[in-house]
Structure formats: C-alpha cells, structure tokens
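Q: sequence and predicted structure are below.
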Amino acid sequence: MGFTQIDATPENFSTVFESIQTNNDKDQDKDQVTLLLFLADKDPASGLSWCPDCVRAEPVIYKTLEKSKKNAVLLRAFAGNRPTWRNASHPWRVDERFRLKGLPTLIRWKDGAIAGRLEDNEAHIESRISKLLE
C-alpha cells in the first residue's frame with residue numbers, strides 16, 4: 001500500500017508529532033500504522049548518515065513499508081550530528097515517552113503510547129519490521 005513520510009528534527013519534532021497524532025485521531029483509520037523512525041543526520045557532502053546502523057536499516061525499513069498492506073505514516077526524526085546525539089541530555093534520550101539509547105530506533109505509536117519498538121541492533125531485520133506492522 002505504501003507509506004507517507006514526514007521529516008522532523010529536535011527543533012520541530014513536538015509540533016510535527018502532535019500534528020500526526022491529531023490527524024490520526026480525526027481519520028480514525030483502523031488500518032493506519034504510525035511509525036517513528038529516529039535516525040542520525042546525513043552528511044551533506046556524501047548524503048550518507050554518520051551512523052552505519054542507520055545506513056543498513058533505512059533501505060530495509062522503506063522496502064518493508066512499501067510491500068506492506070498497511071497504510072503507514074512514517075515520521076523520520078533526525079537526531080543531529082554525532083556530537084549532538086552523544087550528548088546525554090539530547091531531548092529524545094531524556095524524553096519519558098521514548099528514552100532512546102541508540103540509532104536507529106523504530107517505534108510503533110498507538111493510542112498515545114509505544115506499541116512496539118526495534119532498537120539499533122534489530123531495526124534492519126525485515127521479519128521484525130513486518131511483525132511491528134501487524
């Protein structure tokens with residue numbers, strides 16, 4: 001079925017995330033899946049992420065979403081450069097809703113809470129991504 005992709009940064013994440021939740025509440029689409037994909041920024045010169053796990057996981061996640069029968073909204077949240085992410089007080093590390101430990105992290109968001117989560121070491125495994133969509 002495909003998916004809708006929306007991008008955010010720490011600076012605009014709250015606004016974008018709230019907008020997605022509001023739209024989900026209005027749509028009441030039972031088949032819609034909301035996913036949050038927390039990623040490292042891409043290097044403007046190379047176009048590649050500084051995070052090798054992100055480089056490995058992203059194409060698998062996108063391919064799995066394209067093949068899925070679910071109507072998905074994917075919020076790609078770019079965490080920043082390496083020093084920004086490594087800061088222990090990064091907003092997504094300390095946010096009670098997410099408490100991120102690594103990148104990438106793929107979260108299924110449902111009814112205002114985490115309904116499933118894939119951490120950096122498993123976010124590239126197609127079967128686990130598919131299970132998260134069920």
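A: Sure thing, it's come through. Numbering: from 1, shown residues only.
Q: pick out the residue nearest the middle of this protein.
A: By Cα atoms, centre = their mean, the chain has its centre lying nearest to residue 37, at 0.9 Å.
Q: which other helices and strands contact the helix or strand of the chain with the lowest mean pLDDT?
A: Across the helices and strands of the chain, mean pLDDT, DSSP states H and E gives its lowest value to helix 13-27, namely a mean of 85. Helices and strands touching helix 13-27, by 3 or more Cβ pairs under 8 Å, 6 or more residues apart in numbering; DSSP states H and E, are strand 3-8, strand 32-39, strand 71-78. (Each C-beta comes from the backbone N, C-alpha and C, glycine too.)
Q: so how far does stretch 111-126 reach from one end to the other?
A: In stretch 111-126, first residue to last residue: 24 Å (Cα to Cα, to the nearest Å).
Q: swap that for stretch 9-16, sorry
A: Terminal-residue distance, stretch 9-16 (Cα to Cα): 9 Å.
Q: quick one: buried residues of that stretch?
A: 10, 13, 16 (16 or more other Cβ atoms under 10 Å).
Q: if you skip the residues just before and after it, what's nearest to the second one?
A: Once its chain neighbours are removed from consideration, residue 13 has its nearest residue in residue 77; the separation is 5.7 Å (Cβ to Cβ, 6 or more residues apart in numbering).
Q: equivalent analysis for the first one, please.
A: Beyond its immediate neighbours in the sequence, the residue positioned closest to residue 10 (Cβ to Cβ, 6+ apart) is residue 91, lying 5.0 Å away.
Q: distance of that neighbour relative to residue 9?
A: Using Cβ to Cβ, to the nearest Å, residue 91 is found at 10 Å from residue 9.
Q: neighbours of the residue nearest to residue 43 when sequence neighbours are not counted, how many?
A: Distances taken as Cβ to Cβ, 6+ apart put residue 50 closest to residue 43, at 6.1 Å, once the chain neighbours are dropped. Applying other Cβ atoms under 10 Å, we find 16 residues neighbouring residue 50.
Q: under the pLDDT cut-off, which ranges of the chain? List them.
A: Within the chain, the stretches with pLDDT under 70 are 1, 25-30.
Q: list the buried residues of the least confident helix or strand of the chain.
A: 13, 16, 17, 20, 24.
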